[in-house]
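Enquirer: below are the sequence and a predicted model for it; my questions follow.
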Amino acid sequence: HLAVSTDIAIVTAVAEACEAALPQQVMLCPPLAYGSSHHHRGFPGTMTLSHDVYVSVIKDLVASLLRAGFSRIVLLNGHGGNRAPVNYALQILSHEWDERLQPNLALVTYWDMAGEAFRGAPPMTTPAISHACEYETSCMLHLHPERVRLDLAGPANHPADNRYRRWQVDLPSAVSMTKAFHYLSDKGSMGNPERSTVAKGEH
C-alpha cells in the first residue's frame, strides 16, 4: 500500500527539516536513494546495491567530503537494511582517516533519534516502527498522500512466532534474526497500517 520510495521520502523530509532548523550548522547533501535492500527482493520494484558496492559508495562519498576538509559528517539513515553495511564502511573510513583528520563520522537512524515518538507514545497505537506500518504510513499520508493506497492497508499474514522472537511487531529483542521480507509478511507490511492518519504523520 506504500510506494517503494517511502524510506527515501521520509528521511529526506527529516534531513530538510534539520537543515532548515540549523542553516548555519548543517550543509545537506543530496539523498542516496539506493542502499541495501536484498531482504525485500520478493516485492517488485525494489532496487538494491550489492553489499560490496554499497560499502564502496559510502566510503567514496564520505572520503570525498573528508578530502574537502569536512570533519563532522552525519549519515542520516531511513532504512534498517543500511545499518550494517554503513557501519562497516564507517569503520574502514575511521581506520583510514583518524590519524590524519580525526573526523567525527556518525550514522543516525531517524526513528532511533526521535525517541518516544517512534516507540508507542500517543497518538500511536503500536509499540514501535517496523515496515509500511502505522508510523511509516502516517508519515507518508502527511508528506506524500498521493503515494499511499490506504484501501490496500490492513493486517498481513506472518509466520508463527518462534521461541526466539515475535515476527508481527518490531519489539526490542536480544536476538537478531535475518529473514527475507516476503517470508515475514505476505503484503510487505508489519504492524497495523490501517490505523494510520495524517495527524499521526504530522506528529
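Expert: Arrived safely, thanks for sending.
Enquirer: what ranges does this structure have for its strands?
Expert: 72-77, 104-109 (DSSP state E).
Enquirer: nearest to G154, out of those strands?
Expert: Comparing these against G154 with CB to CB, the closest turns out to be strand 104-109 (26.8 Å). C-beta coordinates here come from the backbone N, C-alpha and C atoms, glycine included.
Enquirer: so which helix or strand of this protein has the lowest pLDDT on average?
Expert: helix 181-184 (a mean of 66; mean pLDDT, DSSP states H and E).
Enquirer: format the strands of the chain as TSV; extra columns: distance to V86 and mean pLDDT.
Expert: Shown next, in TSV, are the strands of the chain (distance: least, CB to CB, whole Å; pLDDT from 0 to 100):
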stretch	distance to V86	mean pLDDT
strand 72-77	6	97
strand 104-109	5	97
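Enquirer: okay, those strands, which one's buried deepest?
Expert: strand 72-77 (a mean of 17; mean count of other CB atoms under 10 Å).
Enquirer: now it against strand 104-109, angle please.
Expert: Angle between the axes of strand 72-77 and strand 104-109 is 20 degrees (criterion: axes from the mean of the first three to the mean of the last three CA atoms, to 10 degrees).
Enquirer: now the lengthiest helix in the chain: mean pLDDT?
Expert: If you go by DSSP state H, the chain has its longest helix at helix 83-101. Across helix 83-101, pLDDT averages out at 95.
Enquirer: what does stretch 188-203 give?
Expert: On average, stretch 188-203 scores 88.
Enquirer: quick one: terminal-to-terminal distance for that stretch?
Expert: One end of stretch 188-203 sits 24 Å from the other (CA to CA, to the nearest Å).
Enquirer: go on, stretch 118-132?
Expert: Terminal-residue distance, stretch 118-132 (CA to CA): 13 Å.
Enquirer: what of stretch 134-150?
Expert: 11 Å.
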